[in-house]
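> Got a predicted model here, sequence first, then my questions.
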Amino acid sequence: AADKIDLIPQDFFAELCEQVIQHLNRKIAGVNTVELCQRLQMSGIEITVSELAKLANIISFLFSTAARNHLSTEELVTALGSQVSTLPKHAVQVIRHVWNEQGKAVSALEDARNMDAVGQFIDISWKLGVAMSSDTCRSLKYPYITVTLKMADPSGQVTNKSFEMTVPQFKNFSSQFKEMAAVLETV
């Protein structure tokens, strides 16, 4: 994925780095690699969402490691020069600029928390459906609920997780949320 950096224009690479650093600063839930990839593809650049997600993970690892080691901008650039000889000049310039502008905030946040491998909830949606029939049963008329959770994994990659529930399962699911809300009211 790192070889794809050469293909990505500087402005798109800067936007990717900005999204990664904003995610690390907890300003956004995750890096929207799908939307960024679509825009890159529309501008004629051949890259997949998977490749762009790997690139976002590499940048996230780079910034997280720099934060953990409290690297200054110059120390980061020097480390990049000695460790990553294939990195294009425009990429190093973007990394230098983004780290110079926002690196201290990431370092402070890194000190303030333990980097747990836990994702972040972004959104939930649901819909009610009715299964009318199947290949083994002509008349089901069976209601079900489809729930979709929009999540950001620890690296910032946004994904949707969907699952189906019966009406009794959904009622149990809903009552658990009501319990959580009641407990939160007491806090």
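Okay, I see it.
> residue ranges for the strands of this protein, please.
120-131, 142-152, 158-165 (DSSP state E).
> among these, which is nearest residue 187?
strand 120-131 (18.3 Å; CB to CB). C-beta coordinates here come from the backbone N, C-alpha and C atoms, glycine included.
> Low-confidence stretches in the protein?
For the chain, the stretches flagged by pLDDT under 70 are 1-2, 82-86, 109-118, 138, 154-155.
> Outline the domain layout of this protein.
2-116, 120-185 (the TED database).
> Tabulate the ones you listed (a markdown table), appending mean neighbour count.
Compiled in a markdown table, the domains of the chain are given as follows (neighbours: other CB atoms under 10 Å):
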| stretch | mean neighbour count |
| --- | --- |
| domain 2-116 | 17 |
| domain 120-185 | 12 |
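> How about the contacts made by residue 146?
126-127, 129, 162-164 (CB atoms under 8 Å, 6 or more residues apart in numbering).
> just residue 152 next, same as before
So residue 152 contacts 23, 29-31, 119-120, 122, 158-159 (CB under 8 Å, 6+ apart).
> Out of these, the closest to residue 7 would be?
For the contacts of residue 152, the nearest to residue 7 is residue 31 (18.0 Å; CB to CB).
> Does the closest one touch residue 56 like I think?
Yes - in this structure, residue 31 is within contact of residue 56 by CB atoms under 8 Å, at 4.7 Å.
> Now for those two: what residues contact both?
16, 19-20, 155-157.
> would you list those residues in JSON lines and tack on distance to residue 37?
Formatted as JSON lines, the shared contacts of residue 31 and residue 56 follow (distance: CB to CB, whole Å):
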{"residue": "16", "distance to residue 37": "10"}
{"residue": "19", "distance to residue 37": "12"}
{"residue": "20", "distance to residue 37": "15"}
{"residue": "155", "distance to residue 37": "15"}
{"residue": "156", "distance to residue 37": "14"}
{"residue": "157", "distance to residue 37": "12"}
